[in-house]
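Chemist: based on what follows, work out the 3D shape:
(chains A and B)
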Protein chains: 2
Amino acid sequence: MAELSRESGVAVPTVKFYLREGLLAPGERTGPNQARYGEAHVRRLRLIRALIEIGGMSIATVRDVLAEVDEPDSSLHHVLGVVQRGLVAPSAPRPAAEREWALARIGEVVGERGWRMDPDGPIVDLLVGTLCTLRELGNTAVVDRLGDYADAAAGVAETDLATLDASAAPESVVESAVVSMVVSETMFNALRLLAQKQASARRFPG
Amino acid sequence: MAELSRESGVAVPTVKFYLREGLLAPGERTGPNQARYGEAHVRRLRLIRALIEIGGMSIATVRDVLAEVDEPDSSLHHVLGVVQRGLVAPSAPRPAAEREWALARIGEVVGERGWRMDPDGPIVDLLVGTLCTLRELGNTAVVDRLGDYADAAAGVAETDLATLDASAAPESVVESAVVSMVVSETMFNALRLLAQKQASARRFPG
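Modeler: The predicted structure is shown next:
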């Protein structure tokens, strides 16, 4: 157990908690107070850590995602949906008139690009919430550029999907996809902040 | 107070908490149990709500950001730094060898683009953490594409900065910039998830 903790970078009480919560399979019992853990345990712990620390997921969501990873017949497209739901926190509902305005704006941008969307899904809810907040605060510049952001997002999504194709061992394709999606969201946000600094230093010298 | 809560969408006990914490200026006292609040209070509450609910900021960070918004001499470039620090949670430290590997990879990508970075800053720390997690889990495809992601991030950052330029009233430029940065991070993540779904449905039909 101590070795497992050291290898995975997860503290012993946290490992015990994951065992109790069923996120981690029990080790092979070798004595009254001893169990053997293998490479699969280390890997699983690292995955759980990434989902929680980087993806900000709850234990319940991690359980759903792991069930998908362990499902032999799960498709990449399906696992993507499960991870996406895990990454999106539920949004506070908005008054009908505000929601309608935001949905119209989103529908315009999505329609121009031939995208499909589920107007009642959590991603669209999140978009509605952000657009309503921007309007409330009188910030129309970002709303006006929604199409530019959508085009940039399409480019990033192509790279995302290309990294999934390149995933190594077939038995770990789904696991690898989960890692890509969760970690690369945070990675991209960090790169964007870095890029903003460059653009800002150029535009506002001194 | 009840009206202020209704207008801003922030519950009365939360408004009282913000008053106690000094995030919101007290209203003009008009009686022993009554105070008058104006449009500025509603606006401030909406801003606080956006920083906390969408930006996921702590009360302490919101306080720092608001101090910057209220500072008459604050520059856009400076406020950008304050908001960025607020958006980035501190990362767990990594062993020196892993950190060095990640810094070399980041330095390569950043150097090719002529960017400047602070290798000890929180953004680079966050990038180091994400790259180390990807390597640990054997996911090299995303690390290999770091340059593609950096180029896409540069494009998004240009749009970000363009929305700052277009901010309306000069007295609210800084406030408007804060809103843009915080809300558009979440908005872009949502668009990316939506775009992933389109790309995934195309690549993995059925």
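
Chemist: distance between the lengthiest helix in chain A and the chain's centre?
Modeler: In chain A, assigned by DSSP state H, the helix with the most residues is helix A:173-203. Mean-position distance between helix A:173-203 and its chain equals 12 Å (CA atoms, centre = their mean, to the nearest Å).

Chemist: list the contacts for A:Val183?
Modeler: A:Val183 makes contact with A:50, A:54-55, B:130, B:133-134, B:139, B:142 under the criterion CB atoms under 8 Å, 6 or more residues apart in numbering or on different chains. C-beta: built from backbone N, CA, C; applies to glycine.

Chemist: which of those residues ranks first by neighbour count?
Modeler: Neighbour counts for those, by other CB atoms under 10 Å in any protein chain shown, peak at B:Val142, which reaches 29 neighbours.

Chemist: need the next SSE after the helix or strand where that one lies, C-terminal direction.
Modeler: Using DSSP states H and E, B:Val142 maps to helix B:140-144. As assigned by DSSP H and E, the chain's next helix or strand after helix B:140-144 is helix B:146-165.

Chemist: quick check: the gap between A:Gly114 and B:Gln198.
Modeler: To B:Gln198, A:Gly114 is 8 Å away according to CB to CB, to the nearest Å.

Chemist: and A:Gly129, what element?
Modeler: Going by DSSP H and E, A:Gly129 is part of helix A:122-136.

Chemist: ok, back up a step: would you turn the contacts of A:Val183 into a markdown table with distance to A:Glu100 and pLDDT?
Modeler: Formatted as a markdown table, the contacts of A:Val183 follow (distance: CB to CB, whole Å; pLDDT from 0 to 100):
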| residue | distance to A:Glu100 | pLDDT |
| --- | --- | --- |
| A:Ala50 | 38 | 90 |
| A:Ile54 | 35 | 86 |
| A:Gly55 | 32 | 85 |
| B:Thr130 | 38 | 93 |
| B:Thr133 | 41 | 90 |
| B:Leu134 | 41 | 90 |
| B:Asn139 | 41 | 84 |
| B:Val142 | 38 | 90 |
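
Chemist: residues contacting the nearest residue to A:Ala157 once chain neighbours are set aside?
Modeler: In space, and not counting its chain neighbours, A:Ala157 is closest to B:Ala195: 3.6 Å by CB to CB, 6 or more residues apart in numbering or on different chains. Applying CB under 8 Å, 6+ apart to B:Ala195 gives the contacts A:115, A:150, A:153-154, A:156-157.

Chemist: could you check the pLDDT of A:Ser176?
Modeler: On pLDDT, A:Ser176 comes in at 80.

Chemist: for A:Asp120, see how far away it is.
Modeler: 31 Å.

Chemist: cool, and A:Gly81?
Modeler: 14 Å.

Chemist: neighbour count for those two, which is higher?
Modeler: A:Gly81 (16 against 7).

Chemist: what's the distance between the helix holding B:Val142 and the middle of its chain?
Modeler: For helix B:140-144, the distance to the chain centre is 25 Å (CA atoms, centre = their mean).

Chemist: what angle do the lowest-mean-pLDDT helix or strand in chain A and helix A:122-136 make?
Modeler: Taking mean pLDDT, DSSP states H and E as the measure, the helix or strand of chain A with the lowest value is helix A:76-87, at a mean of 81. Calculated by axes from the mean of the first three to the mean of the last three CA atoms, to 10 degrees, helix A:76-87 forms an angle of 40 degrees with helix A:122-136.

Chemist: does at least one residue of helix A:76-87 sit close to chain B?
Modeler: Yes - contact of helix A:76-87 with chain B (CB under 8 Å from any CB of the partner chain) involves A:76-77, A:80-81, A:84, A:87.

Chemist: out of those, who's the most crowded?
Modeler: Counting by other CB under 10 Å, top hit in the residues of helix A:76-87 next to chain B: A:Leu80 with 25 neighbours.

Chemist: gap between it and A:Val62?
Modeler: 16 Å.

Chemist: just for chain A, where's the confidence low?
Modeler: A:165-171, A:205-206 (pLDDT under 70).

Chemist: what's the helix holding B:Val142 in contact with?
Modeler: With CB under 8 Å, 6+ apart, helix B:140-144 has contacts from A:162-164, A:166-168, A:176, A:180, A:183-184, A:187, B:105, B:131, B:134-135, B:149.

Chemist: try 6 Å
Modeler: The contact list for helix B:140-144 (CB atoms under 6 Å, 6 or more residues apart in numbering or on different chains) reads A:163, A:166, A:180, A:184, B:131, B:134.

Chemist: which one of those residues is nearest to A:Leu45?
Modeler: B:Leu134 (15.8 Å; CB to CB).

Chemist: residue contacts, A:Val182?
Modeler: So A:Val182 contacts A:51, A:54-55 (CB under 6 Å, 6+ apart).

Chemist: what's the distance between the nearest residue to it once chain neighbours are set aside and chain B?
Modeler: With CB to CB, 6+ apart as the criterion, A:Val182 has its nearest non-adjacent residue at 3.9 Å, and that residue is A:Gly55. Noted for A:Gly55: a distance of 10 Å to chain B, by CB to the nearest CB, to the nearest Å.

Chemist: same question, A:Met117
Modeler: 6 Å.

Chemist: and that residue, how many neighbours?
Modeler: So A:Met117, with other CB under 10 Å, has 17 neighbours.
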